[in-house]
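# Requesting a structural model of the entry that follows:
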Amino acid sequence: MATSLKWWGKESHRGTPVVVKMENPKWSMLELEGPSDEDFIIGNDNDNNNNNRDNKGRGKNAKQLTWVLLLKAHKAAGCLASVAPALLGLVAAVKRRVAAGRTDADTDGGGGGGGREKENPTVKSRFYNCIKVFLFVSLMLLFFEVAAYFKGWHFEAPRFWGVKGVFDWAYLMWVFVRVEYLAPPLQFLANVCIVLFIVQSLDRLVLCLGCFWIRFKKIKPVPKGGDVDLESGEKGFFPMVLVQIPMCNEREVYQQSIGAVCNLDWPKSKLLIQVLDDSDDITTQSLIREEVQKWQKEGANIVYRHRVIRTGYKAGNLNSAMNCSYVKDYEFVAIFDADFQPTPDFLKRTIPHFKDNDELGLVQARWSFVNKDENLLTRLQNINLAFHFEVEQQVNGVFINFFGFNGTAGVWRIKALEDAGGWLERTTVEDMDIACQCELPESYEAYRKQQHRWHSGPMQLFRLCLPDIIRSKISIWKKFNMIFLFFLLRKLILPFYSFTLFCIILPMTMFVPEAELPALVVCYIPATMSLLNILPAPKSFPFIVPYLLFENTMSVTKFNAMISGLFHLGSAYEWVVTKKSGRSSEGDLVSLIEKGPKHHQRGSSAPDLAEIKEEIQLQEKKVGSKKKHNRIYMKELALAFLLLTASARSLLSAQGIHFYFLLFQGISFLLVGLDLIGEQVD
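Residues are numbered from 1 along each chain as shown. You can find the predicted model right below:
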């Protein structure tokens, strides 16, 4: 308890008030009173009152100022003292990471056991070798330019008649090649990327203006049939709904997802839940089957399906389940990935939009995240996904009535799926007022694999579906939106110019100064776009600079994935289940406790549970040598050294904005390359 001090009875405080904030939540805030006037005054009782009054006034001002300055100095010293341990801890982490010697080439595609395919080794090695060659050339040029700088040439060629030696002649030839052969194509490529950059920035600005108009006009999808009233059978709209939960080795989250879906507020006779298990781990299969049996005993209409051969991955799993004979009795299908936890009223808020609206094919829910504040990586992901749902999806849904399905947390009209020919072509409409909670990847390795899949997949779809889109019976505007805006601009052009402009062209312009990138492109436009991106997640505003740098860092993975998907390369077929930690929100846990009867835990006998635990322990011992480790990512590290090299070159030529951007971008690549962002494990 805080100490009760009755200072409110005093007429005024004496001295300088100081507020001390304790970081430990068990401590309260306590206001301390600074030294009184008498503590600062050394006076003579024999002096007259006027002299005493003047001395006290002068002493008070001087001593109070000294006291405040001392406090400021103490606070600054405390900040400096905290910086040193942080730097030491960072250096120690770097030394441990380097000593471990585990690189991204050692990974076996884990993260949930969903497939063991690695990146195509040929493509990966070529891409990495190009970066290494570029880095080597940049280092040589840096030494070359430094030598020229100390000769007083200041990066200009010496006069022909001033050439005295081999170095002078070599530098003269370098400047000639640079001006005549390197600068023109580099400047042309830079101008092309700048145009693409401006077009993409305008697209983002238009999206933000559209979102602002929706908020201003309070536009919101309203179902034609009205809300569901469970108490009124005559007015209620209760069609047959099939719920599918595809999963693969989801040991961490299977209980949460199954429990949340079984608690959906919908008539049990109108609801069937399919748990579609592609797990190749026998213990995980037993645990999931046991969980399904528990809910069956509680009265839930739920079935368990397992495939021995995992063809087609998630899409194949869903298609296999749709071929069951009883599916013909259902009108709608809701899909939830294993880490999604729908609220009990999910179907009540989505199904009514289909009533009296036969042209509606899909209702897509927004995603919310239970672990968005877990670490810096999850905070940065939340910025991107908040913009996607709050701005991109909402604007397309309201003004174009056309956008992409997010793969989960949506309700499909089964007839629309059949008419579209499966999962390749989609006609969609969404309700942005509905949210479904899920998890964000907490480690860079998991996020990297997820982003590779998310950016390779759209390019595969674009390559396969372009003829069908052109021949489809939809408006020209919708075709333009899908082909140019969705596929080309946001999925192909964005990772292309991000990687090319900021990771290749910008460092090269430091060594070929005849080709220039204006400060507007390097600093001001990216900062403005980052500010627009962060508007849907205002609490993330302090992370605007890390967000900008991290997005450029991720352009390496996205560019590689885009090329793989577009040109049908081996790594385009990677499907690795994103690793989950099994987090739940407090509301979900309370809901399950309230709705799930306590005897639900008695669904199996103690010996069965003991056997399962023993199997888990045995399996953990077998895979003990395959513990999780943070890795070193060679592409990111190579680009880090490249950008830092270019920053040193820009420092010599006094290019302020370019230097700071290259420096901080190089540091961000370094941190990501050493896997110092996100979840930290031994």
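# right, and residue 214 touches residue 394 too?
Yes - counting by Cβ atoms under 8 Å, residue 214 does reach residue 394; the two are 6.2 Å apart. The way it works is simple: take the backbone N, C-alpha and C, and place the C-beta from them, glycine included.
# These two: who's more crowded?
residue 394 (26 against 19; other Cβ atoms under 10 Å).
# Check that one and give its pLDDT.
What the model reports as pLDDT for residue 394 is 89.
# Check whether it sits in a helix, strand or coil.
Classification of residue 394 by DSSP: H, G, I helix; E, B strand; the rest coil places it in helix.
# Equivalent analysis for residue 333, please.
Relying on three-state DSSP, one would call residue 333 strand.
# what's around it, how many residues?
Residue 333 has 22 nearby residues by other Cβ under 10 Å.
# ditto for residue 215
11.
# Tell me if it really is in a helix.
Yes - Residue 215: assigned to a helix according to three-state DSSP.
# so how far is residue 172 from it?
Distance of residue 215 to residue 172, computed by Cβ to Cβ, to the nearest Å: 61 Å.
# Which residue ranges of the stretch 501-650 of the chain form helices?
Counting by DSSP state H, counting those that start in this stretch, the stretch 501-650 of the chain has helices at residues 506-511, 519, 525-534, 544-566, 586-595, 606-622, 634-652.
# averaging pLDDT over each of those, which comes out lowest?
Among these, helix 586-595 carries the lowest mean pLDDT (a mean of 41).
# any idea how far residue 522 is from residue 552?
11 Å.
# Do a quick rundown of the strands in the stretch 51-200 of the chain.
Counting by DSSP state E, counting those that start in this stretch, the stretch 51-200 of the chain has no strands to list.
# what are the ranges of the helices in it?
Under DSSP H, counting those that start in this stretch, the stretch 51-200 of the chain gives helices at 121-150, 166-177, 183-217.
# which residues does residue 142 contact?
511, 645, 648-649 (Cβ atoms under 8 Å, 6 or more residues apart in numbering).
# Residue 559 touches residue 494, doesn't it?
No - contact between residue 559 and residue 494 fails when scored by Cβ under 8 Å: they sit 9.7 Å apart.
# re the thing from before, I'd like the helices of the stretch 51-200 of the chain laid out as a markdown table, including distance to residue 634.
Formatted as a markdown table, the helices of the stretch 51-200 of the chain follow (distance: least, Cβ to Cβ, whole Å):
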| stretch | distance to residue 634 |
| --- | --- |
| helix 121-150 | 6 |
| helix 166-177 | 29 |
| helix 183-217 | 25 |
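# Could I get the full set of strands for the stretch 401-550 of the chain?
So, for the stretch 401-550 of the chain - with DSSP E, counting those that start in this stretch - the strands run 410-413, 435-438.
# Just give me the closest of the contacts of residue 142 to residue 186.
residue 511 (9.9 Å; Cβ to Cβ).
# do you know how far the nearest residue to the closest one once chain neighbours are set aside is from residue 512?
Spatial nearest neighbour of residue 511, chain neighbours left out: residue 141 (4.6 Å); criterion: Cβ to Cβ, 6 or more residues apart in numbering. As judged by Cβ to Cβ, residue 141 and residue 512 stand 9 Å apart.
# While we're on residue 106, how confident is the model there?
At residue 106, pLDDT is 58.
# How much space separates residue 242 from residue 257?
In terms of Cβ to Cβ, residue 242 sits 16 Å off from residue 257.
# if we can go back for a sec, need the helices of the stretch 51-200 of the chain in TSV (columns: distance to residue 469 and mean pLDDT).
Shown next, in TSV, are the helices of the stretch 51-200 of the chain (distance: least, Cβ to Cβ, whole Å; pLDDT from 0 to 100):
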stretch	distance to residue 469	mean pLDDT
helix 121-150	27	78
helix 166-177	45	81
helix 183-217	19	93
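# For residue 287, find the nearest of these.
Of all the helices of the stretch 51-200 of the chain, helix 121-150 comes closest under Cβ to Cβ, at 35.1 Å.
# Could you pull out the buried residues of that closest one?
Buried residues in helix 121-150, counted by 16 or more other Cβ atoms under 10 Å: 123-124, 127-128, 131, 134-135, 138, 141-142, 145, 148.
# Just the closest of those to residue 632, please.
residue 128 (12.8 Å).
# any idea how far the residue nearest to the closest one when sequence neighbours are not counted is from residue 126?
Spatial nearest neighbour of residue 128, chain neighbours left out: residue 635 (5.6 Å); criterion: Cβ to Cβ, 6+ apart. Computed with Cβ to Cβ, the distance linking residue 635 and residue 126 is 12 Å.
# now do residue 559
Distance from residue 559 to residue 126, by Cβ to Cβ: 13 Å.
# Same question for residue 358.
Applying Cβ to Cβ to residue 358 and residue 126 gives a distance of 51 Å.
# Check residue 374 too.
36 Å.
# do the same with residue 314
Taking Cβ to Cβ, one finds residue 314 at 30 Å from residue 126.
# could I get the buried residues of helix 121-150 as a markdown table with distance to residue 384?
As requested, the buried residues of helix 121-150 are exported to a markdown table (distance: Cβ to Cβ, whole Å):
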| residue | distance to residue 384 |
| --- | --- |
| 123 | 26 |
| 124 | 25 |
| 127 | 24 |
| 128 | 26 |
| 131 | 25 |
| 134 | 28 |
| 135 | 29 |
| 138 | 30 |
| 141 | 35 |
| 142 | 34 |
| 145 | 37 |
| 148 | 43 |
